[in-house]
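# Sequence and predicted structure are below.
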Amino acid sequence: MSAEQWIAIGVAVAVALLIVALAHWLLHRQVSRVWPHARFIVERSSVTAYFAATVIGANMAMPEITEVGWSTYQTIQHAMRILMIASLTGLGVSLSHAATDMILDRLSASNGDADRRARRLQTQLRLLRRVITSIIVILAIAAILFTFDEVRALGAGLLASAGIIGIVAGVAAQATLANLFAGLQLAFSDALRIGDVVVVKGEWGRIEELSLVNVTVKIWDERRLVVPVANFTTMAFENWTKSGTDLTTQVRLPLDWEVPVDQVREEAGRFIAANEHWDGRSWSCQVVDITPTGEVVVRVVATVADSGAHWNLAVQIREHLVTWLAEHHPLSLPRHRTEFISESGEAPYASAFPESAFRRPAREPSGAGAQRGGISDGSEN
C-alpha cells in the first residue's frame, strides 16, 4: 500500500478512537452527574469500545489493494471480517453487562437478608446474564467459523443429519446441560438466592455465587464450598432465609436433678428480655428430656430476627447460665451419683458424703453379694 493509504487508515482509526474517548469523557464527567449509573458503561467498555473503534476505522478506510495478489487481499479481508465479528461481540457483551450492572446496583442497595424479592431478582438476573453471554459467544464463534468456505460447505452437509448430531451432543454434554437446567430451576423456582443462609453438607454459610456450573457457598470461617448446581436439586439442604429471616435459637443444658428449674427460668427470662439480639416475640425455658446418663435437659428457646442474632444470642445465653449456675447453684451442675447399699442401713460412704449420697432403706439380703455384705456399683440417677 502507498503512504497515502496508510495515512488514511491511521486517520480513520484515530478519528474512531477520538469519538470513543469523547463519549467516555462525556459519560464520566458530564452525564454521570445526573445519571450515576453511566459509570458502568465506561468501566465495562473501557477496552472493548476502543478495540471495536480501531477495527471499524480500519475497515472503513481499507482501500482496494492492487499491489498484492488477489489471494493475499482476500486473506486480509477475511482477517478483518473476523476481527469485526469479535470486536462487535465483545462490545455487545460489555454493554449488556453494563446494563445489568445498573439494575444489580439498585438491587444491592436494599439487598439485606429481609429483602427476599431483591435477592431473588439479583440471582435471576446474574444467571440470565451468564446464559445470554454464553449464547452470544457461541453464535459469534459460529459466525466466525462460517466465514471459512470449508466450514460453510461442511455445515450445509451437516444440516441433513442435525437430529443425530443433536442426540450425540446431548449425550456428550449431559452433565453440562443438567447443571444449566438445574441452575435455571433453582433461580426461577425461588428455591435458592444469592445471599441466602444455608447449611450444605454440614457447613453453615451464605450463597455467594450461583453460576451455570457451580454454587459457591461462603462458609463462616471464610472458606468457600463449591458445589455442583445439580446437587441442589437432588439432595436436601437447609435454607434459613427461604421464606424470611426470623429464626428460633435454642440452648440445651444437661443439668443435675437438683436444679431449681423455676429460678433458672426466671434468670433466663431476665437475661433474654434485656438482650439486644432478642426480637421480642417469644422465649421459653423447659425441661425437655432426661439423658441416659441421668441428667435432666433444660432447653432455653428464644426468637431472633436473623442468622447473626441466632448465633450470638445462643452463645450468650449459654455463657450466662453456665456462669450463673456455677455461682449460685453449683449442685445443679452435671454429676454422676453412686448408690452404696449395706446390711446395716446407712453405709459409711453415705455418711461421709451426706449432701451427695442417695439413701434408700436397707433391703433383705438376697444373692451371694448381699450375703457377703458386698457393695454394688450404684445406679446413675
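Yep, that arrived.

# A strand includes Phe232, no?
No. Read with DSSP: H, G, I helix; E, B strand; the rest coil, Phe232 is helix and lies in no strand.

# pretty sure it contacts Leu186?
Yes. Phe232 is in contact with Leu186 according to Cβ atoms under 8 Å; the separation is 5.7 Å. In short, each C-beta sits where N, CA and C put it, glycine included.

# Common neighbours of those two, please.
Listed as contacting both Phe232 and Leu186 by Cβ atoms under 8 Å, 6 or more residues apart in numbering are 192, 215.

# What segments of the protein are helices?
3-25, 32-34, 38-44, 48-61, 70-108, 116-145, 149-158, 162-172, 174-188, 231-234, 261-274, 307-328, 348-352, 367-371 (DSSP state H).

# Show me which positions of the first one end up buried.
Applying a neighbour-count criterion of 16 or more other Cβ atoms under 10 Å, one finds 8-9, 12-13, 16, 20, 23-24 buried in helix 3-25.

# still on that earlier bit, looking at the helices of the chain, which is nearest to Val251?
helix 307-328 (4.8 Å; Cβ to Cβ).

# residues making contact with that closest one?
By Cβ under 8 Å, 6+ apart, helix 307-328 touches 113, 197, 240-241, 245, 247, 249-251, 253, 255, 259, 263-264, 267-268, 271-272, 275, 277-279, 300, 302, 304, 332-333.

# CA-only coordinates of that helix, as PDB, when you get a sec.
What follows is helix 307-328, C-alpha atoms only, in PDB (Å, rounded to 0.1, in the frame of the first residue of the first chain):
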ATOM      1  CA  SER A 307     -29.000 -15.700  61.500                       C
ATOM      2  CA  GLY A 308     -26.400 -13.400  63.000                       C
ATOM      3  CA  ALA A 309     -28.500 -12.800  66.100                       C
ATOM      4  CA  HIS A 310     -29.300 -16.600  66.200                       C
ATOM      5  CA  TRP A 311     -25.700 -17.500  66.900                       C
ATOM      6  CA  ASN A 312     -24.900 -14.500  69.200                       C
ATOM      7  CA  LEU A 313     -27.900 -14.900  71.400                       C
ATOM      8  CA  ALA A 314     -27.400 -18.700  71.700                       C
ATOM      9  CA  VAL A 315     -23.700 -18.400  72.900                       C
ATOM     10  CA  GLN A 316     -24.600 -15.500  75.200                       C
ATOM     11  CA  ILE A 317     -27.400 -17.400  76.900                       C
ATOM     12  CA  ARG A 318     -25.200 -20.500  77.300                       C
ATOM     13  CA  GLU A 319     -22.300 -18.400  78.800                       C
ATOM     14  CA  HIS A 320     -24.600 -16.500  81.200                       C
ATOM     15  CA  LEU A 321     -26.400 -19.500  82.500                       C
ATOM     16  CA  VAL A 322     -23.300 -21.600  83.000                       C
ATOM     17  CA  THR A 323     -21.700 -18.800  85.000                       C
ATOM     18  CA  TRP A 324     -24.900 -18.100  87.000                       C
ATOM     19  CA  LEU A 325     -25.400 -21.800  87.900                       C
ATOM     20  CA  ALA A 326     -21.700 -22.200  88.900                       C
ATOM     21  CA  GLU A 327     -22.000 -19.200  91.200                       C
ATOM     22  CA  HIS A 328     -25.500 -19.600  92.700                       C
END
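
# Identify the residues contacting Ser32.
Ser32 neighbours (Cβ under 8 Å, 6+ apart): 38-39.

# Quick check: it vs Ala38, distance?
5 Å (Cβ to Cβ, to the nearest Å).

# do the same with Leu145
Applying Cβ to Cβ, the value for Leu145 to Ala38 is 36 Å.

# could you point out where the stretch 51-200 of the chain is predicted with low confidence?
Scanning the stretch 51-200 of the chain for pLDDT under 70 picks out the ranges 63-71, 109-116, 151-179.
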